[in-house]
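1. Take this sequence and fold it.
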Amino acid sequence: MLKTVNVPPHFEAIFANAEEVVGKYFSDIKYTPTKGVITIDNDRYILMRGESIFFNLKESLNDQFGEEVTNKFLYELAKTIGKSDAVKFAEKMNLKDPIQKLSAGPVHFSHAGWGFVNIFPESSPTPDENYFLLYEHPNTFESELTIKYSKKVTKPVCVFSAGYSAGWSSHSFNLELDAKEISCVAKGDPTCLFIMSPANMIDRRIEEYLKKIVTGQVPGKF
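-> Numbering: from 1, shown residues only. You can find the predicted model right below:
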């Protein structure tokens, strides 16, 4: 049984293998504070407080450039990091198939403390313009901190989480993918729900899915 991710039954075997391999990777962690070094499986890591990134950095950038520019910057930053991590794990695990490459992403996402991933059965991750991923993060560091400090928001806040997922998947499928959060617990919704699709089709995919909720074709997630 999967422990670090939830996926539709037909993906479970692939994600189980990723869970085992990525779990072993994170088990080889060494703290060497006398040298200021943390390594995981000989890869150099750094620890950063989520609050420092999400509140302090974000608020400082908001003051200088405005919320729209700041969110775009943070999203692209996270997307770049996601792509880089995907390249590393594909090489380390010798992964060639797009679904196999994707499978390591949510598991790594969970181990690294970004949040848990639940991929819904409506998803159809194919290496073409029909790519569609519907997923939720029940506990992103962004939404959790927003609630913890009683920040009042009217828009989804999980920009880093969306960007990282989009970056990992973009590399995995050799497509330019984007992800958008369409509901967020930080603003009172029951879940942080995301849609991912080719970048030039993301708004259309969101509109189509929201219409399906209204017409009862799929269960409402918020």
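2. Could you pull up the mean pLDDT of the helix or strand that contains Ile213?
-> Under DSSP states H and E, the secondary-structure element containing Ile213 is helix 202-214. Throughout helix 202-214, pLDDT has a mean value of 88.
3. Please look at Ile182 and Phe194 and confirm they touch.
-> Yes. In terms of C-beta atoms under 8 Å, Ile182 counts as a neighbour of Phe194; the distance is 7.0 Å. C-beta here means a position set from N, CA and C on the backbone, and glycine is covered the same way.
4. quick one on the thing from earlier: alpha carbons of the helix holding Ile213, as CSV, please.
-> C-alpha atoms of helix 202-214 as CSV (Å, rounded to 0.1, in the frame of the first residue of the first chain):
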residue,chain,number,x,y,z
ILE,A,202,-4.7,25.6,-18.9
ASP,A,203,-7.5,28.2,-18.8
ARG,A,204,-9.7,26.2,-21.1
ARG,A,205,-9.1,23.0,-19.1
ILE,A,206,-10.1,24.8,-15.9
GLU,A,207,-13.2,26.2,-17.5
GLU,A,208,-14.2,22.8,-18.8
TYR,A,209,-13.8,21.2,-15.4
LEU,A,210,-15.7,23.8,-13.5
LYS,A,211,-18.6,23.4,-16.0
LYS,A,212,-18.6,19.7,-15.3
ILE,A,213,-19.0,20.4,-11.6
VAL,A,214,-21.9,22.8,-12.2
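5. if I pick Pro198, what's in contact with it?
-> Listed by C-beta atoms under 8 Å, 6 or more residues apart in numbering, the contact set of Pro198 reads 129, 131, 175-178.
6. and the nearest residue to it once chain neighbours are set aside, how many neighbours does it have?
-> For Pro198, ignoring the flanking residues on the chain, the nearest one in space by C-beta to C-beta, 6 or more residues apart in numbering is Glu129 at 5.4 Å. Residues near Glu129, counting by other C-beta atoms under 10 Å, number 11.
7. got it, and the one 3 residues further on?
-> Other residues near Phe132 number 18, with proximity taken as other C-beta under 10 Å.
8. is it in a bridge, and if so with what?
-> Under DSSP bridges, the beta-bridge partners of Phe132 are Ser124.
9. wait, doesn't it sit right on Pro121?
-> No. No contact is recorded between Phe132 and Pro121 when judged using C-beta under 8 Å, the distance being 11.6 Å.
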